[in-house]
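**Student:** coordinates only, no sequence provided:
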């Protein structure tokens, strides 16, 4: 009898242990789901002749469509209802940054693991990468470097030795002229000392979003759906942009990187101007607990 | 008397200890002395990065080997020296750089000379320290198309490198930083200071010919407001209305700063060894020096931010045919044969 009790006890313990092991991390996941849209329509990518591609019209009446759409999310922080901020591997691009690639469904969900149990009211993240770690450091962050430099991703900006923060390829106007909008920082300086950052522009944008509903971490695994409304690219809170092709100082369609001052207008629309707009094209549409 | 003796004795011990420590260190460490750069009179001050990474005997030797190392490229065909060729004062003779698989880059390859005195590198000045520059060609699709870890993986198998890294840095570990530092150290030693012009300046018995002397006077009045000082550049960024690169990637310094006034501005190039570095211009627009001067004397491109010196002269630098050839004769006195000759 004693033996049996022991066996029972042992197996109960084993079950308890294994179930603990399984459920704990799962319960403390938070999934960020990105829905890339033109206004309320999820974007369908396509080339110039595509009949499927979503065609959007800007505030200035320019039609446009995308064939490629990518951006980098990093520096993720969740804020509890009591105001405590929980950083998620914010200085580790391998563990805390991702490339959202609209053509790869798996990249639209980014799972944050081991988030401390609690109630959360706010989400913060960066569109792009903050200057201190935007150095193409392959030794420190081999995984992110490999993702960003892959041939089908190309989120690396060689001459600036930094990452591309957004990469949009597509077409505009009735004659489907190419558009190619890339953003990234062109700063140079001692990484640890921002006062030395010259002479370029900082294309990193810090985003703050209130959650539409409290995300309860611990009991379940909340999924936060974030809308990235690319209608804002041309028709943003900060700038209303008309695309023009050519190589003049004000031409901005292909590729706009050629002048950093044109690029910044797109950056401010997508990620906010970091003055009175800190959400840009992003908003939280739902929290599923 | 007694205290003095003991002090003497004590210091003797200290002395002996210090000596034996030194001996021990000498056995452990390799003697890797700093190389003193011969800085001529009237040169501008060094880039402060040089003081943080002063060239050493083995650092430079390692940097030189890496500079000529084709394994830094994706398919082991291109080294830094493929584009930066000594015979061309470490530039090349293509209008735009040609890298791996014959891919054509955006810009003309500049000469590498006297870089220790330069404050902003590249045509648009986007890098301010030489140590931060080597990664760019290594990863650039049109240049070497590799990655720093890929390159390290390849060279770490080579015993010659293990020895050189130990000699240069104390142990044989190969890190990206050490690669960048040693290449920069080598580049700091690329000093061109022995042209005819230099020798005349130093009163070494040479003299300008009559034409060269006329050219020098003309140069001082027509060119030296930008190509100033002993490097023949004031290191500022200016738009002088050269024909524009057809690539929409190009915006000159405007690509970096985002300041409209920097649109299509480029760093004033040094004119040392200019006779060795044809073709000229940021994407090799001009085949010869004559073509550059013909263009400037005629009518440069109008632009809002065209340099005031050109604007004031009706978008040109007026020169007669004779003046042009005098100036070109002077420019040839800036050629430093010893610099383009391997030792």
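**Tutor:** Now that the structure is in, tell me what you want to look at. A quick note: this is a predicted structure, and the numbers were derived from the prediction, not measured. Numbering: from 1, shown residues only, chains lettered A, B, ... in the order given.

**Student:** flag every residue of chain B that's near chain A.
**Tutor:** The interface of chain B toward chain A, taken as CB under 8 Å from any CB of the partner chain, is made up of B:122, B:125-128, B:132, B:135-136, B:139-141, B:147-149, B:175-176, B:244, B:246-251, B:254-260, B:263-264. For glycine as for every other residue, the C-beta is placed from the backbone atoms N, C-alpha and C.

**Student:** pull out the buried residues from these.
**Tutor:** Among the residues of chain B next to chain A, those buried by neighbour count (16 or more other CB atoms under 10 Å in any protein chain shown) are B:122, B:125-128, B:132, B:135-136, B:139-141, B:147-148, B:176, B:244, B:248, B:250-251, B:254-259, B:263-264.

**Student:** just the ones in helices from those residues, please.
**Tutor:** B:135, B:136, B:139, B:148, B:176, B:254, B:255, B:256, B:257 (DSSP state H).

**Student:** give the contact list for the closest residue to the fifth one other than its chain neighbours.
**Tutor:** When the adjacent residues along the chain are set aside, residue B:176 lies closest to residue B:148, with 4.7 Å between them (CB to CB, 6 or more residues apart in numbering or on different chains). When the contact criterion is CB atoms under 8 Å, 6 or more residues apart in numbering or on different chains, the partners of residue B:148 are A:138, A:139, B:135, B:138, B:139, B:176, B:179.

**Student:** how many residues are close by the nearest residue to residue B:87 once chain neighbours are set aside?
**Tutor:** Spatially, and ignoring its direct neighbours in sequence, residue B:87 is nearest to residue B:340 (5.4 Å; CB to CB, 6+ apart). Residue B:340 is flanked by 18 other residues according to other CB atoms under 10 Å in any protein chain shown.

**Student:** which ones are touching the closest residue to chain A within the stretch 151-300 of chain B?
**Tutor:** For the stretch 151-300 of chain B, the residue closest to chain A is residue B:258, as judged by CB to the nearest CB, at 3.1 Å. With contact set as CB under 8 Å, 6+ apart, residue B:258 has these partners: A:186, A:200, A:201, A:259, A:260, A:261, A:263, A:264.

**Student:** and the gap between it and residue B:238?
**Tutor:** Separation of residue B:258 from residue B:238 (CB to CB, to the nearest Å): 18 Å.

**Student:** how about low-confidence regions in chain A?
**Tutor:** Where chain A drops to pLDDT under 70, the residues are A:1-27, A:189-198, A:255-258.

**Student:** would you point out which residue is most central in it?
**Tutor:** Using CA atoms, centre = their mean, the residue of chain A that lies closest to the mean C-alpha position is residue A:73, 3.0 Å off.

**Student:** part of a helix, is that one?
**Tutor:** No - assignment of residue A:73 by DSSP: H, G, I helix; E, B strand; the rest coil gives strand, placing it outside any helix.

**Student:** using the three-state scheme, assign residue B:179.
**Tutor:** Each residue gets one of three states, and residue B:179 gets helix by three-state DSSP.

**Student:** what confidence value was assigned to residue B:259?
**Tutor:** Turning to residue B:259, the model gives it a pLDDT of 85.

**Student:** am I right that it is in contact with residue A:261?
**Tutor:** Yes - Residue B:259 is in contact with residue A:261 according to CB atoms under 8 Å; the separation is 6.7 Å.

**Student:** pick out the residue of the stretch 1-150 of chain B closest to chain A.
**Tutor:** Closest point on the stretch 1-150 of chain B to chain A, by CB to the nearest CB, is residue B:140, at 4.3 Å.

**Student:** what about the residue nearest to that residue when sequence neighbours are not counted, distance to residue B:106?
**Tutor:** Spatial nearest neighbour of residue B:140, excluding adjacent residues (CB to CB, 6+ apart): residue A:158 at 4.3 Å. From residue A:158 over to residue B:106 the distance is 11 Å, taken as CB to CB.

**Student:** try residue A:54
**Tutor:** 33 Å.

**Student:** cool, and residue B:303?
**Tutor:** Distance, residue B:303 to residue B:106, by CB to CB: 20 Å.

**Student:** what about the one residue in chain A that gets nearest to chain B, how many neighbours?
**Tutor:** Distances between chain A and chain B by CB to the nearest CB are smallest at residue A:260, namely 3.1 Å. Residue A:260 has 27 neighbouring residues, counting by other CB under 10 Å.

**Student:** for it, which non-adjacent residue is spatially closest?
**Tutor:** residue B:258 (3.1 Å).

**Student:** tell me the phi and psi of that neighbour?
**Tutor:** phi 70, psi 10 (degrees, to the nearest 10).

**Student:** ok, residue 72 - contacts?
**Tutor:** Picked chain A for this. So residue A:72 contacts A:97-100, A:127-129, A:148, A:155, A:163-166 (CB under 8 Å, 6+ apart).

**Student:** looking at chain B here, not the other one
**Tutor:** B:66, B:78, B:79, B:80, B:138, B:144, B:146, B:151, B:155.

**Student:** tell me which two of those sit farthest apart.
**Tutor:** B:78 and B:155 (14.6 Å; CB to CB).
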